[in-house]
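1. generate coordinates for the sequence data below:
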Amino acid sequence: MVHRCVPVPMILFSTLRSTKPCVHSNRLRLRRQLISRNSSASSRRITIPPPVPVTPSCPEPTCPCAPTPEMPEGLEIDHEHSLNGTMAPYSQQVLILTGQRDWRSTTPIVVDDPGTLHGSNPLPYNNIMITNTSFQPQHSTGTGAATTASVLLFPSFRYIPKTPLDEVGLDAFVRGFLLPTTLHPAHDPLPASQKECMRRVPTLQHSFFPDMARIRHSPTILICGHGHRDQRCGIMGPLLQTEFRRVLRAKGFRVSGGEENGDGAFTDVAGWANVGLISHIGGHKYAGNVIIYLPPSMSSAGSGEGGPVSLAGKGIWYGRVEPRHVEGIVQETVLGGRVISDHFRGGVGADGEILRL
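-> Have a look, this model is predicted:
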């Protein structure tokens, strides 16, 4: 029986107040010296290298692509604000395979009991994003309500074809995959027994989920197509999905999650790529919104300088993607391992670290 841990209480922090400053007889001279030093330092620019290889803008397409559609009145795309940093930080993205291409506007996930996963993570320093995706689930045997759900986890790159939806199974899923391996320092004052309940238990991954598989070969491209939530993504999502499939095939990939294999199943085979629609991830005004996950063992052979190994195991978020950008994204990011800064909203590393430019 899986041990049930109580939710983590919020920790109150006291405000630190500074003591009365000392009075120095030469404070005016000291102040002038500090101002002079700060002015000198600010005149020297410090260049911090980006955490990943970068190309400034998306290359122009080399062949005709689908035109960019007009957006409904009052739902224009925001081309004024910078995209960098508009991705909400998260440590894991949980993708529920639904076989659907759109979802009700207010439903965070799709399982027979909406909310069975939503809200399962009580830790304020361990953000979990729960998203629906159009990939087909591996259905439960028998008739009646489904007893399992098929789940993808990024950036841990795992596929769990059968996640039990009962209380014990969901508790094992949360404790085995979603809780952090290391706690935030804010939890230090808590009792050791409570902190133990808040840490991940990796042994549950194999004892409860023997069919779990690591994603090693196939890049996964996720496009927001949540039309019931916002028409901009509802218009751009399916159009970009078709364009990514076309370009990837032209580059030599076989594509899962679409008409090529009929059922839209997720796959992890060398030479294949997955392209699917997902529900709301924030930032509809930046449509089209695209997330690219490159598996940790993706090879850089033949890719040249700055190959995909530099982005292997990472997730890259792009915004304001139009059909004319798809070829450049595939060439630069999927094959070249470079982030296109003009479209970059943010990224996440293999250990949940947030990437910013």
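2. so which strand or helix has Asn132?
-> strand 128-133 (DSSP states H and E).
3. ok, then the element right after the worst-scoring helix or strand of the chain on mean pLDDT?
-> When the helices and strands of the chain are compared on mean pLDDT, DSSP states H and E, helix 27-42 comes out lowest with a mean of 54. Downstream of helix 27-42, the first helix or strand assigned by DSSP H and E is strand 54-55.
4. given that following strand, what are its sheet partners and their directions?
-> As defined by DSSP bridges, the strand partners of strand 54-55 come to strand 339-340 (parallel).
5. what sits up against the partner strand?
-> Residues outside strand 339-340 that contact it (CB atoms under 8 Å, 6 or more residues apart in numbering): 50, 52-58, 311, 316, 318, 328-329, 332-333, 347, 357. Glycine gets a C-beta too; all of them are placed from N, C-alpha and C.
6. for the record, mean pLDDT for it?
-> In this model, strand 339-340 has a mean pLDDT of 98.
7. start the count at 32, not 1, going forward
-> I'll keep to 32 as the first residue from here, and by that count the last item is strand 370-371.
8. continuing past it, what's the next helix or strand?
-> Assigned by DSSP H and E, the successor of strand 370-371 is strand 375-379.
9. distance between the helix or strand following that following strand and the chain's centre?
-> Sequence-wise, the next helix or strand beyond strand 375-379 is strand 385-386, with elements assigned using DSSP H and E. Distance of strand 385-386 from the chain centroid (CA atoms, centre = their mean, to the nearest Å) equals 10 Å.
10. what's strand 385-386 packed up against?
-> If you count contacts as 3 or more CB pairs under 8 Å, 6 or more residues apart in numbering; DSSP states H and E, strand 385-386 packs onto strand 375-379.
11. any idea of the mean pLDDT for the strand it packs on?
-> Rounded mean pLDDT across strand 375-379 is 97.
12. can you list the strands that it pairs with?
-> For strand 375-379, the paired strands and their directions (DSSP bridges) read strand 345-349 (antiparallel), strand 385-386 (antiparallel).
13. that one vs strand 159-164, what angle?
-> Relative orientation of strand 375-379 and strand 159-164, computed by axes from the mean of the first three to the mean of the last three CA atoms, to 10 degrees: 110 degrees.
14. got the CA coordinates for strand 375-379 in PDB?
-> Output of strand 375-379 as PDB, limited to C-alpha atoms (Å, rounded to 0.1, in the frame of the first residue of the first chain):
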ATOM      1  CA  PHE A 375      12.100  32.100 -28.100                       C
ATOM      2  CA  ARG A 376       9.600  32.200 -25.200                       C
ATOM      3  CA  GLY A 377      11.800  30.100 -22.800                       C
ATOM      4  CA  GLY A 378      13.000  26.600 -22.300                       C
ATOM      5  CA  VAL A 379      13.500  23.900 -19.700                       C
END
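15. name the residues that touch that strand?
-> Contacts for strand 375-379 (CB under 8 Å, 6+ apart): 83, 114-118, 120-122, 124, 185-186, 314, 317, 320, 345-350, 370, 385-388.
16. repeat the analysis, applying 6 Å as the threshold.
-> 114-115, 117-118, 186, 345-348, 350, 386, 388 (CB atoms under 6 Å, 6 or more residues apart in numbering).
17. include neighbour count and pLDDT when you put these into JSON lines, please.
-> Formatted as JSON lines, those follow (neighbours: other CB atoms under 10 Å; pLDDT from 0 to 100):
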{"residue": "Leu114", "neighbour count": "21", "pLDDT": "96"}
{"residue": "Asn115", "neighbour count": "15", "pLDDT": "95"}
{"residue": "Thr117", "neighbour count": "18", "pLDDT": "96"}
{"residue": "Met118", "neighbour count": "26", "pLDDT": "96"}
{"residue": "Pro186", "neighbour count": "23", "pLDDT": "96"}
{"residue": "Lys345", "neighbour count": "24", "pLDDT": "96"}
{"residue": "Gly346", "neighbour count": "23", "pLDDT": "98"}
{"residue": "Ile347", "neighbour count": "25", "pLDDT": "98"}
{"residue": "Trp348", "neighbour count": "25", "pLDDT": "98"}
{"residue": "Gly350", "neighbour count": "25", "pLDDT": "97"}
{"residue": "Leu386", "neighbour count": "19", "pLDDT": "94"}
{"residue": "Leu388", "neighbour count": "16", "pLDDT": "90"}
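18. on that earlier part again, turn the strands paired with strand 375-379 into CSV, including distance to Asn157.
-> Formatted as CSV, these follow (distance: least, CB to CB, whole Å):
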stretch, distance to Asn157
strand 345-349, 17
strand 385-386, 13
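19. nearest to Asp261, out of those strands?
-> Across the strands paired with strand 375-379, Asp261 has its closest neighbour in strand 345-349 (16.7 Å, CB to CB).
20. so how far is that closest one off the chain centroid?
-> With CA atoms, centre = their mean, you get 7 Å for strand 345-349.
21. using PDB, write out the CA atom coordinates for that strand.
-> Provided in PDB are the C-alpha atoms of strand 345-349 (Å, rounded to 0.1, in the frame of the first residue of the first chain):
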ATOM      1  CA  LYS A 345      15.700  20.100 -23.400                       C
ATOM      2  CA  GLY A 346      12.400  21.700 -24.200                       C
ATOM      3  CA  ILE A 347      12.300  24.800 -26.300                       C
ATOM      4  CA  TRP A 348       9.200  27.100 -26.500                       C
ATOM      5  CA  TYR A 349       8.500  29.300 -29.500                       C
END
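22. how many neighbours does Glu353 have?
-> 20 (other CB atoms under 10 Å).
23. same deal with Cys255?
-> Using other CB under 10 Å, Cys255 has 30 other residues around it.
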